[in-house]
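S.K.: quick one: sequence and predicted model below, then my questions.
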Amino acid sequence: MNTQTKTDLPHKAAIEVAGVNKWYGAFQVLKGIDLTVNKGERIVICGPSGSGKSTLIRCMNRLEVHQEGSIIVNGIELTNQLKRIDRVRSDVGMVFQHFNLFPHLTVLENCTVAQRWVRKLPKKQATEIAMKYLERVHIPEKADKYPGQLSGGQQQRVAIARALCMNPSIMLFDEPTSALDPEMVKEVLDTMISLAADGMTMVCVTHEMNFAREVASEVVFMDGGQIIERNKPDILFSAPTHERTRRFLGKLLH
Ligand SMILES: Nc1ncnc2c1ncn2[C@@H]1O[C@H](COP(=O)(O)OP(=O)(O)OP(=O)(O)O)[C@@H](O)[C@H]1O
């Protein structure tokens, strides 16, 4: 039985979220979310603490499970019946606020472990790919170090390299700079900017509004589990439609 629901049309959309509701117990965290992310788009999600941004992005690779509505990633619907969630996950790289590197593995091993176990690549090939992406994030010389020997910014760049090693077509970023000291934020944002320049489809939860201005094709504002508005950054920042967006951006931009 084919347990993967495919859309009939060739999908221009990388991610299609439609009518998604989610509850934590009695608390409804996502309320009727509709969000389409087309291939090559870079969506920045912003909004107040607790508005459901992380939950939404985590639903996009099924780290969290939605209860109603549908989420389709590259034509595959995320459901309980989906047997090969690892296939979806390897196509959707995720970078977290707190890096989530394996502390007992070297940088190189962090970048090869999933390639070997999920992609089943031989060690030599996995190592070549890992070194290519460590060069891409400008830290090949750290390959034999352990995460604890690196700065926060370097660890986050390893996390990005590790995700890229799986050859994802989509990258999800959940507040990738908010655990970093200010002087390290730029090196991580520069890496993300260079990925965007290469045409990577990206969904980023971040409060870095300069990044949003420079990189986002569209900015989504969430509040109270809902998408309040979505627009191109210059329009959303200069002329938000909703009072709630105005209030939030007013605090953030001034
Ligand atoms: N596992 C969980 N169980 C119960 N409630 C949760 C859980 N995870 C998140 N929540 C609640 O859901 C709401 C939304 O959380 P979420 O982390 O998605 O918000 P956010 O917009 O990303 O916030 P922040 O910017 O502070 O990270 C919050 O009220 C949070 O306390």
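M.R.: The structure has been received and is ready for your questions.

S.K.: okay, now the unreliable bits of this protein?
M.R.: Using pLDDT under 70 as the threshold, the predicted model of the chain has low-confidence ranges 1-11, 253-254.

S.K.: in it, spot the helix with the most residues.
M.R.: Looking only at the chain and at elements set by DSSP state H, the helix with the highest residue count is helix 182-197.

S.K.: and the following helix or strand past it, what other elements does it pack with?
M.R.: On the C-terminal side of helix 182-197, the nearest following helix or strand under DSSP states H and E is strand 201-205. Packing contacts for strand 201-205, counted by 3 or more Cβ pairs under 8 Å, 6 or more residues apart in numbering; DSSP states H and E, involve strand 13-24, strand 27-38, strand 42-46, helix 53-59, strand 170-174, helix 182-197. To be clear about C-beta, it is placed using only N, CA and C from the backbone, and glycine gets the same treatment.

S.K.: which elements pack onto the fifth one?
M.R.: With contacts defined as 3+ Cβ pairs under 8 Å, 6+ apart, strand 170-174 has these neighbours: helix 53-59, strand 92-95, helix 152-164, strand 201-205.

S.K.: identify the bridge partners of the spatially most central residue of the chain.
M.R.: With distances taken as Cα atoms, centre = their mean, Leu172 lies nearest the centre of the chain, 1.0 Å away. Applying DSSP bridges to Leu172 yields these beta-bridge partners: Met94, Val203.

S.K.: check contacts around it.
M.R.: With contacts taken as Cβ atoms under 8 Å, 6 or more residues apart in numbering, Leu172 has the following neighbours: 57, 60-61, 92-95, 202-204.

S.K.: turn those residues into CSV, including neighbour count and distance to Gln28.
M.R.: As requested, these are exported to CSV (neighbours: other Cβ atoms under 10 Å; distance: Cβ to Cβ, whole Å):
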residue, neighbour count, distance to Gln28
Ile57, 23, 17
Met60, 24, 18
Asn61, 22, 21
Val92, 23, 25
Gly93, 24, 29
Met94, 21, 24
Val95, 23, 27
Met202, 23, 27
Val203, 24, 22
Cys204, 28, 24
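
S.K.: anything in the helix or strand encompassing Met222 near the ligand?
M.R.: Taking DSSP H and E as the criterion, Met222 maps to strand 218-223. No. Looking at strand 218-223 against the ligand by Cβ under 6 Å from any ligand atom, there are no contacts, and the closest approach is 6.6 Å.

S.K.: give the other helices and strands that that strand contacts.
M.R.: Contacts of strand 218-223 with other secondary structure elements, assessed using 3+ Cβ pairs under 8 Å, 6+ apart, are made with strand 42-46, strand 226-231, helix 233-238, helix 243-253.

S.K.: up against the ligand, what does the stretch 151-254 of the chain have?
M.R.: Applying the criterion Cβ under 6 Å from any ligand atom, no portion of the stretch 151-254 of the chain neighbours the ligand.

S.K.: which one, of the helices and strands packed on strand 201-205, ends up nearest to Val219?
M.R.: Ranking these by their distance to Val219 (criterion: Cβ to Cβ) puts strand 42-46 first, at 4.8 Å.
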